[in-house]
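>>> Provided below are the primary sequence and the corresponding predicted coordinates.
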Protein chains: 2
Amino acid sequence: MAIFDVKTTGQVREPIARGAPLRAPCGACTVRHLTLCAALEPHELAEISAIVSSVELARGDPLFDEGEPAQHLFNVTSGAVKVYKLLADGRRQMTGFLFPGDFLGLANEETYAYSAEAVTHTVLCRFPRRKLERLLERYPKMEHRLLGMVSHELAVAQEQMLLLGRKTAREKIASFLLMLSRRSVQRGQNGNPVVVPMSRNDIGDYLGLTTETVSRTFTQLKQGGSISLLPGGKVEMADRARLEDIAEGL
Amino acid sequence: MAIFDVKTTGQVREPIARGAPLRAPCGACTVRHLTLCAALEPHELAEISAIVSSVELARGDPLFDEGEPAQHLFNVTSGAVKVYKLLADGRRQMTGFLFPGDFLGLANEETYAYSAEAVTHTVLCRFPRRKLERLLERYPKMEHRLLGMVSHELAVAQEQMLLLGRKTAREKIASFLLMLSRRSVQRGQNGNPVVVPMSRNDIGDYLGLTTETVSRTFTQLKQGGSISLLPGGKVEMADRARLEDIAEGL
DNA sequence: GTCACGCATTGATTTGCATCAATTTGCGAT
DNA sequence: ATCGCAAATTGATGCAAATCAATGCGTGAC
């Protein structure tokens, strides 16, 4: 019961679009070509708008937990979300960080396969899953776009397996910074310096490292002249070409 | 030019279905509910049959390499295939092992995102990508099924990230054996003992370990009474419940 | 302004896995 | 059966990253 859990924390705002269809269901939907609602026909947009609502989370608020019934799909409007899986003893693996334009909650099974939590203050669009599925049946083009998005996510996941299984700490951190930068540019923001909104611990759980190793590796890259650490969680990539070489193991 | 490379090695047989539509494009297509061609209408099957051909590979033969133009999709009919990504210095990460019923070659970009190679003697169905895409446009139900398959693969990939980033060597091997067993059962085969057709080195590259650690961990599990190693690359899971506990980190 | 808490950083030590180097086993070819 | 090669196993050693242990710093609460 993801939605009720969230409501308990007082973070869910009531639907913004109830009865009054918006031009677009949310501000993010036209940001990236991969986004589900981009380039829809007016009547399709209207139908989407009729089922969408808005969710707002504070830093650290849970969105849903692994194993909960998967009742909604979400689209990040602003902020950042982390998704992760846990082992019984608490070991955690981040499977992704999501930014404006990204989707989450797509589940093949009836339950979510991972947990999701806000990294910063975050706003999301929320689509009831059943209703969205009925919509997708009638608009194959939307499903086609969804297939493209999931295929892309799969390719990203495979790249991440290469990182987790075979890259060194140094290579992992370099890859991570470049990834953040690229995605930042995709959203039309500045790619350098890049904002790193998540904690060292979160980064460690994403890259399969400990907090300490993450911290030390940042320091090491700084001392090597590849990056500099700016206040406000920003990282300046002083030598991007070098970072790219490091990331590829050269 | 995947197909011509393969042809050079003399492994590609000419299309089996040219001009003479089959009942089903390949023996595997009805094996699993996730498979693309399962439960198709007769006229859909006929159209699929018209574009499919067959490929046969010997152990170790490449199917395609990362970066090649993605001209075909493949469906494993018999045997086993490994897919992997490489770093510049040769470090390798297996991203999956594929068995009868599994798909590979789905590419969002114009090129393959990974390389594929036969683990054992293998037969595959081959679908020209462009033609299949045109077919999918006309049959949204097939695309819907494809979406389900890719979503499932994504969930598997995320599970693998948890394994790579946070599990110990022992937990990785236990998880791996259980996964092989489950998939073996899905294909209607015996799940215990389970056939392990790939080398220790391949397993290491799948789990982010070295050959030696894989070997030692097998020995350790054997001595602990969880498994026994049988001739012919078979592994008997003597204490499956224990293996499951180990896999979950209990 | 200062207090306190969470987070980042740094240092010392341990450990698990990789690496390197033999040696053995398994298996197909003859 | 025996040869010959590839794969698996085993042992010795080294190193990268984890773990353990303080200490420093910045931000928000009051």
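Nice, thanks for sending it over. Numbering: from 1, shown residues only, chains lettered A, B, ... in the order given.

>>> all helices of chain A, in order?
Under the criterion DSSP state H, helices of chain A are mapped to A:2-8, A:42-51, A:129-138, A:140-166, A:169-186, A:200-207, A:211-223, A:240-247.

>>> mean pLDDT and mean neighbour count added to those helices, as TSV?
For every residue, glycine as well, the C-beta is placed using N, CA and C. As requested, the helices of chain A are exported to TSV (pLDDT from 0 to 100; neighbours: other Cβ atoms under 10 Å in any protein chain shown):
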stretch	mean pLDDT	mean neighbour count
helix A:2-8	28	15
helix A:42-51	81	17
helix A:129-138	92	15
helix A:140-166	94	20
helix A:169-186	96	20
helix A:200-207	97	22
helix A:211-223	96	16
helix A:240-247	96	17
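
>>> which one, of those, ends up nearest to B:R134?
Relative to B:R134, the nearest member of these by Cβ to Cβ is helix A:140-166, separated by 12.5 Å.

>>> what packs against the closest one?
Other elements packing on helix A:140-166 under the criterion 3 or more Cβ pairs under 8 Å, 6 or more residues apart in numbering or on different chains; DSSP states H and E are strand A:92-98, helix A:129-138, helix A:169-186, strand B:81-86, strand B:92-98, helix B:129-138, helix B:140-166.

>>> out of the helices of chain A, nearest to B:A247?
Counting by Cβ to Cβ, B:A247 lies closest to helix A:140-166 out of the helices of chain A; the figure is 17.4 Å.

>>> any idea of the angle the closest one forms with helix A:169-186?
Here the directions of helix A:140-166 and helix A:169-186 differ by 160 degrees (axes from the mean of the first three to the mean of the last three Cα atoms, to 10 degrees).

>>> ok, now how distant is the residue nearest the centre of chain A from chain B?
The C-alpha lying nearest the average C-alpha coordinate of chain A belongs to A:L98 (Cα atoms, centre = their mean; 0.9 Å). Distance of A:L98 to chain B, given as Cβ to the nearest Cβ, to the nearest Å: 13 Å.

>>> how's chain A carved up into domains?
Segmentation of chain A into domains, based on automatic domain parsing, reads A:2-142, A:167-247.

>>> so can I have JSON lines of those domains showing distance to B:Y112?
Rendered in JSON lines, the data for those read as follows (distance: least, Cβ to Cβ, whole Å):
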{"stretch": "domain A:2-142", "distance to B:Y112": "20"}
{"stretch": "domain A:167-247", "distance to B:Y112": "21"}
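
>>> quick revisit: excluding chain neighbours, give the residue nearest to the residue nearest to the centre of chain A in space.
Closest residue in space to A:L98, ignoring its immediate chain neighbours: A:V81 at 4.3 Å, by Cβ to Cβ, 6 or more residues apart in numbering or on different chains.

>>> what bridges to that neighbour?
A:L98, A:A118 (DSSP bridges).

>>> next: the one 5 residues further on.
Counting by DSSP bridges, A:L86 is bridged to A:R92.

>>> verify the contact between it and A:E117 for me.
No - using Cβ atoms under 8 Å, A:L86 is not in contact with A:E117; the gap is 11.5 Å.

>>> in stretch A:85-98, what's buried?
A:K85, A:L86, A:L87, A:R91, A:R92, A:Q93, A:M94, A:T95, A:G96, A:F97, A:L98 (16 or more other Cβ atoms under 10 Å in any protein chain shown).

>>> ignore the last one, stretch A:187-195
A:G191, A:P193, A:V194, A:V195.

>>> would a markdown table of the helices of chain A with distance to DNA strand D be doable?
A markdown table is the format used below for the helices of chain A (distance: least, Cβ to the nearest atom of the strand, whole Å):
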| stretch | distance to DNA strand D |
| --- | --- |
| helix A:2-8 | 21 |
| helix A:42-51 | 35 |
| helix A:129-138 | 35 |
| helix A:140-166 | 10 |
| helix A:169-186 | 4 |
| helix A:200-207 | 7 |
| helix A:211-223 | 3 |
| helix A:240-247 | 12 |
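
>>> take those and lay them out in JSON lines including distance to B:C125.
Converted to JSON lines, the helices of chain A look like this (distance: least, Cβ to Cβ, whole Å):
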{"stretch": "helix A:2-8", "distance to B:C125": "40"}
{"stretch": "helix A:42-51", "distance to B:C125": "35"}
{"stretch": "helix A:129-138", "distance to B:C125": "27"}
{"stretch": "helix A:140-166", "distance to B:C125": "20"}
{"stretch": "helix A:169-186", "distance to B:C125": "35"}
{"stretch": "helix A:200-207", "distance to B:C125": "37"}
{"stretch": "helix A:211-223", "distance to B:C125": "45"}
{"stretch": "helix A:240-247", "distance to B:C125": "37"}
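
>>> quick one: is stretch A:116-126 near DNA strand D?
No - with Cβ under 7 Å from any atom of the strand as the criterion, DNA strand D is not reached by stretch A:116-126; the gap is at least 11.0 Å.

>>> what's in contact with that stretch?
Stretch A:116-126 is contacted from outside by A:3, A:25-26, A:28-29, A:52-64, A:72-84, A:97-98, A:104-105, A:197-198, A:202, using Cβ atoms under 8 Å, 6 or more residues apart in numbering or on different chains.

>>> among the residues you listed, which lie within strands?
A:53-57, A:62-64, A:72-78, A:81-84, A:97-98, A:104 (DSSP state E).

>>> what subset of those residues is buried?
Burial by neighbour count, judged by 16+ other Cβ under 10 Å, picks out A:53-57, A:62-64, A:72-77, A:81-84, A:97-98, A:104 from those.

>>> any idea how far A:G148 is from A:T77?
Applying Cβ to Cβ, to the nearest Å, one obtains 21 Å for the distance of A:T77 from A:G148.
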